[in-house]
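**Q** Predicted coordinates and the sequence they were generated for:
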Amino acid sequence: MAKVQEIHHNGVNLSTQRGFVTKLKSGFKEALFPDDPFRQIMEEEKKSRRLIKGVQYFIPIFEWLPNYSLRLFFSDLIAGLTIASLAIPQGISYAKLANLPPLIGLYSSFVPPLVYAVFGSSRHMAVGTIAAASLLIASIVSTVADPIAEPTLYLHLIFTTTFITGVFQACLGFFRLGILVDFFSHSTITGFMGGTAVILILQQFKGIFGMKHFSTKTNVVAVLEGIFSNRHEIRWETTVLGIIFLVFLQFTRHLRLKKPKLFWVSAIAPITCVVVGGVFTYLVKGTQHGIQIVGHLDKGLNPISIQFLTFDRRYLSTVMKAGLISGVLSLAEGIAIGRSFSVTANTPHDGNKEMIAFGLMNLFGSFTSCYLTSGPFSKTAVNYNAGCKSAMTNVVQAVIMALTLQFLAPLFSNTPLVALSAIIVSAMLGLINYTEAIHLFKVDKFDFIICMSAFLGVAFLSMDIGLMLSVGLGVLRGLLYLARPPACKLGKLPDSGLYRDVEQYSNASTIPGVLIIQVGSPIYFSNSTYLKERILRYIKSEQSSSGDMVEHVILVLTAVSSIDTTAIEGLLETQKILEMKGIQMALVNPRLEVMEKLIASKFVEKVGKESFYLNLEDAVLACQYSLRTSKPNNNEDTV
């Protein structure tokens, strides 16, 4: 007996239990504050310093502005001028996508960038309107208000949608619920952006061909039918001009890829198309040759629009749908883009601060005649390549846009719509990331299916259906992982003392009579029955392959982070089944939360404290000793 006690060194803590409040605080902290954001504030001894740190945390501009220098401003000035030249054509183009007046697109590059400069955490983010959200909002809101027949109502509903988006995004950041954005996986975003790019390109055929009538739907089939049925409206003058613009834009993009130092050529290409196209149209009197233009643009800064917010119950459900879906989509895209550039440049980035910043800039934007804004990839990439150093680039962009609105807006009235269509098509061609789709197919077929469901759903059904279909498949995959927890049989590697998966390491040797199973995920009601059946299958497989009777089953619970009452009952049932078969069960290294529930449920009392081990080696030694001591008794019984 003393020998057994010596081998079975039970170091598992079976007495410590935290109180309910302590566990609640711990769970709350890990769910909402995994990055421990207030630690640096509480480390300050003086209350004044704590207050300063707190203000700097919630309003990031106060953190970087005191150390700002003229040298940094010069870099930001160059980058700001560059993205401002891109913001003008993009603002007009994407407003066209959303069926909005061009000025609304320009307004949206004035107030939101100023708000982001104050509250944003990314040094490289360039704020502006985004193509996918523009089309998504238009496709949803236009179901209750026709932008042509009811332009005033449509515009007011767009402002209301932007307001709801801002409130939603700010609440997500304030309550630190960024986990919701994580449901948009990389595969989903890749497929969605690709599908959106396809339908955006097809939508721009109206401008490229100079057509006046077109399909109001966004899916591929409807757009192609619209082009075919109205083919008699195609103007060769507009088509030739569009092809010239598109070739020029693609050439500058190719030049940027070949020679990254010439990024500025690609950056100023859109504004060049706008200026050249406007001058050309004016000189040749293009409107008389079927070239459609933007039309008159009023001078002046953003008018107040808070009085236009509409919460009529007839439209509220549609506006809520558009606001929530576009809000999550723009957050997922903006945060992913900001995070990728912050990793590249090794600069700070806080997802929750970004949510608050996006929410506030859309909230204030809805009050000042703006529609939804985020961090578009094209503009942010240009900002990064232009050498930006801080969020001051957004301030520069806002100042340039204010000057444009105040003095230069009428000059863009002759901008041909075909130039805007060419700019959108060129930008969208870069979003069809077929190489990433091929990579997903090679690495993970299910990820490829998720990606293609978003791509095909958006292209052939609708944007919201395609997005939800892809997210649904991603959630289904997560549920499958939860319902079928990974488990593996362990063996001992020679000359190392390590235990590893026998399927991964063919030289790992198993121990006769002892079956070691490692469980690799939390155990819940949804997978407890599967785990029990999996253990029994392992036993049958082991006995049929080796011919040895299994007398001990060791469950390694190191990776089991949590467990519920149904799973505990399932483990107890498994233990009873094994006991009836003459098999003893041992558990190795349960984590604190798991151990607390095993103690509270009386599981430890029912299976015995001697069944718990601190490490796998102790459990194996105890089982081997038990096997050796039981052999003589078995022989005596046989005799």
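**A** Arrived safely.

**Q** For residue 227, which non-adjacent residue is closest in space?
**A** Distances taken as Cβ to Cβ, 6 or more residues apart in numbering put residue 205 closest to residue 227, at 5.7 Å, once the chain neighbours are dropped. Every C-beta, even on glycine, is put in place using the N, C-alpha and C of the backbone.

**Q** number of nearby residues for that neighbour?
**A** Residues within reach of residue 205, counting by other Cβ atoms under 10 Å, total 19.

**Q** Can you pull the phi and psi angles for it?
**A** Note on residue 205: its backbone torsions stand at phi -60, psi -30 [degrees, to the nearest 10].

**Q** surely residue 59 meets residue 118?
**A** Yes: using Cβ atoms under 8 Å, residue 59 is in contact with residue 118, at 6.3 Å.

**Q** Tell me which residues touch the residue nearest to residue 227, please.
**A** Contacts for residue 205 (Cβ atoms under 8 Å, 6 or more residues apart in numbering) come out as 211, 223, 227, 421.

**Q** Compare those and tell me which is most surrounded.
**A** Ranked by neighbours (other Cβ under 10 Å), the contacts of residue 205 are led by residue 421, which has 28 neighbours.

**Q** nearest residue to that residue other than its sequence neighbours?
**A** The nearest residue in space to residue 421 (Cβ to Cβ, 6+ apart) is residue 207, at 3.0 Å.

**Q** Secondary structure element holding that neighbour?
**A** According to DSSP states H and E, residue 207 maps onto helix 205-209.

**Q** Let's see that helix as PDB, backbone CA atoms only.
**A** This file holds the C-alpha atoms of helix 205-209, laid out as PDB (Å, rounded to 0.1, in the frame of the first residue of the first chain):
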ATOM      1  CA  PHE A 205     -21.800  48.800 -67.400                       C
ATOM      2  CA  LYS A 206     -24.700  51.300 -67.300                       C
ATOM      3  CA  GLY A 207     -22.200  54.100 -67.100                       C
ATOM      4  CA  ILE A 208     -19.600  52.500 -69.400                       C
ATOM      5  CA  PHE A 209     -22.200  52.000 -72.100                       C
END
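
**Q** The helix or strand that it is followed by: which residues count as buried?
**A** Using DSSP H and E, the next helix or strand after helix 205-209 towards the C-terminus is helix 220-229. By 16 or more other Cβ atoms under 10 Å, the buried positions in helix 220-229 come out as 220, 222, 223, 226, 227.

**Q** pretty sure the third one is in contact with residue 203, am I right?
**A** The reference is to residue 223. Yes: if you go by Cβ under 8 Å, residue 223 and residue 203 touch, sitting 6.5 Å apart.

**Q** tell me, what's touching the two both at once?
**A** residue 214.

**Q** Show me the shaky parts of the stretch 501-639 of the chain.
**A** Within the stretch 501-639 of the chain, the segments meeting pLDDT under 70 span 628-639.

**Q** ok, which stretches of it are strands?
**A** For the stretch 501-639 of the chain, applying DSSP state E, counting those that start in this stretch gives strands covering 514-519, 552-556, 584-588, 612-613.

**Q** Same check on the stretch 251-400 of the chain?
**A** Under the criterion DSSP E, counting those that start in this stretch, the stretch 251-400 of the chain contains no strands.

**Q** got the domain boundaries for this protein?
**A** 68-478, 488-635 (automatic domain parsing).

**Q** got the buried residues for the longest helix belonging to the chain?
**A** If you go by DSSP state H, the chain has its longest helix at helix 313-345. For helix 313-345, a neighbour-count test (16+ other Cβ under 10 Å) marks 315, 318-319, 321-323, 325-338, 340-342 as buried.

**Q** next one: stretch 481-489
**A** Those would be 485, 487, 488, 489, for stretch 481-489 by 16+ other Cβ under 10 Å.

**Q** Any idea which of those the model trusts least?
**A** On pLDDT alone, residue 485 ranks lowest of those, at 80.

**Q** What sits closest to that one if chain neighbours are left out?
**A** residue 521 (4.1 Å).

**Q** Count the residues that sit near the one you found.
**A** 17.

**Q** can you check residue 590 too?
**A** Other residues within reach of residue 590, judged by other Cβ under 10 Å, total 25.

**Q** what's it in contact with, if anything?
**A** The contact partners of residue 590, by Cβ under 8 Å, 6+ apart, come to 12, 557, 560, 598, 612.

**Q** Can you give me the distance of the second one to residue 481?
**A** Residue 557 sits 18 Å away from residue 481, going by Cβ to Cβ, to the nearest Å.

**Q** Then the last one?
**A** Residue 612 sits at a distance of 27 Å from residue 481 (criterion: Cβ to Cβ).

**Q** now the fourth one
**A** According to Cβ to Cβ, residue 598 and residue 481 sit 23 Å apart.

**Q** coming back round to it: please look at the residue nearest to residue 421 and residue 241 and confirm they touch.
**A** No: judged on Cβ under 8 Å, residue 207 makes no contact with residue 241 at a distance of 10.3 Å.

**Q** Can you pull the residues that touch both of those two?
**A** With Cβ under 8 Å, 6+ apart as the test, residue 207 and residue 241 both reach residue 418.

**Q** give me the low-pLDDT residue ranges for the stretch 151-300 of the chain?
**A** 178-182, 216.

**Q** which residues in it form helices?
**A** 151-174, 186-203, 205-209, 220-229, 236-258, 263-283 (DSSP state H, counting those that start in this stretch).

**Q** Give me the distance between stretch 321-331 and the centre of its chain.
**A** Taking the mean C-alpha point of stretch 321-331 and that of its whole chain, the gap between them comes to 12 Å (Cα atoms, centre = their mean, to the nearest Å).

**Q** shift numbering so it begins at 4
**A** With the count now opening at 4, the last piece we talked about shows up as stretch 324-334.

**Q** Any chance you could list what contacts that stretch?
**A** By Cβ under 8 Å, 6+ apart, stretch 324-334 touches 133, 135-136, 139-140, 143-144, 163-168, 171-172, 175, 183-184, 187, 195, 357-358, 361, 365, 375-377, 467, 470.
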